[in-house]
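J.: predicted model and sequence below, questions to follow.
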Amino acid sequence: MAGKKTNLEFGKWLAAQREAREMTRAELAEALDISYPYVSQLETGYRMPSTNVIGAIRTALGVSADEIYAVLYPPKMVREAATMQMLRNTLAKHPKLAAPEDKATIVSIDTDGPTMELALSDGTTIYLSVDRRENEVAESA
């Protein structure tokens, strides 16, 4: 199957949980009330489970929602998502990016080092520092 793998770690975890209970994919599909191909796609990382399937996994495998969500959304991913949201919020307010009449676009982003460097289409550069502890993104000189 061609396509982007969405969460291979969850797939590995699900397969390990199933195998630890000596279940086949077909048996897990039946227990979850989903199709065999869906189980296969979950275990190979091509699909993410719906909230209904997460509930069924909890029941069928006897695991907690916290355990499932920790695998689906590891702390590093959550931190990165929060950083991206902070970045979006900061950039939305930036005069070079917010003013429709002379709006510039981001051409490239360099994240090497403690400061993010954003090259804009008008030739200017914005430097941002990210403080994850304080949940802040600020423009730096």
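T.: Received, thanks.
J.: distance of Gly11 relative to Glu117?
T.: 36 Å (Cβ to Cβ, to the nearest Å). Using the backbone N, CA and C atoms, a C-beta is placed for each residue, glycine as well.
J.: of those two, which one has the most company?
T.: Gly11 (22 against 15; other Cβ atoms under 10 Å).
J.: check contacts around that one.
T.: 5, 42-45 (Cβ atoms under 8 Å, 6 or more residues apart in numbering).
J.: can you read off the pLDDT for it?
T.: Turning to Gly11, the model gives it a pLDDT of 94.
J.: what separates it from Gly45, distance-wise?
T.: Taken as Cβ to Cβ, the span from Gly11 to Gly45 is 4 Å.
J.: off-centre distance for stretch 58-77?
T.: Its chain's average C-alpha position is 14 Å from that of stretch 58-77, according to Cα atoms, centre = their mean, to the nearest Å.
J.: okay, buried residues for that stretch please.
T.: 60-61, 63, 68, 71-72 (16 or more other Cβ atoms under 10 Å).
J.: just the strands in the protein please.
T.: 106-110, 115-120, 125-131, 136-139 (DSSP state E).
J.: tell me the bridge partners for Met116.
T.: Assessed by DSSP bridges, Met116 has beta-bridge partners Leu128.
J.: helices along this structure, start to end?
T.: For the chain, the helices defined by DSSP state H occupy 8-20, 25-32, 36-43, 51-61, 65-72, 75-93, 95-98.
J.: okay if I get the ones you listed as JSON lines plus distance to Tyr127?
T.: Output for these, formatted as JSON lines (distance: least, Cβ to Cβ, whole Å):
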{"stretch": "helix 8-20", "distance to Tyr127": "34"}
{"stretch": "helix 25-32", "distance to Tyr127": "49"}
{"stretch": "helix 36-43", "distance to Tyr127": "42"}
{"stretch": "helix 51-61", "distance to Tyr127": "40"}
{"stretch": "helix 65-72", "distance to Tyr127": "34"}
{"stretch": "helix 75-93", "distance to Tyr127": "12"}
{"stretch": "helix 95-98", "distance to Tyr127": "12"}
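J.: highest mean neighbour count out of those helices?
T.: By mean neighbour count, with neighbours taken as mean count of other Cβ atoms under 10 Å, helix 36-43 ranks first of the helices of the chain at a mean of 19.
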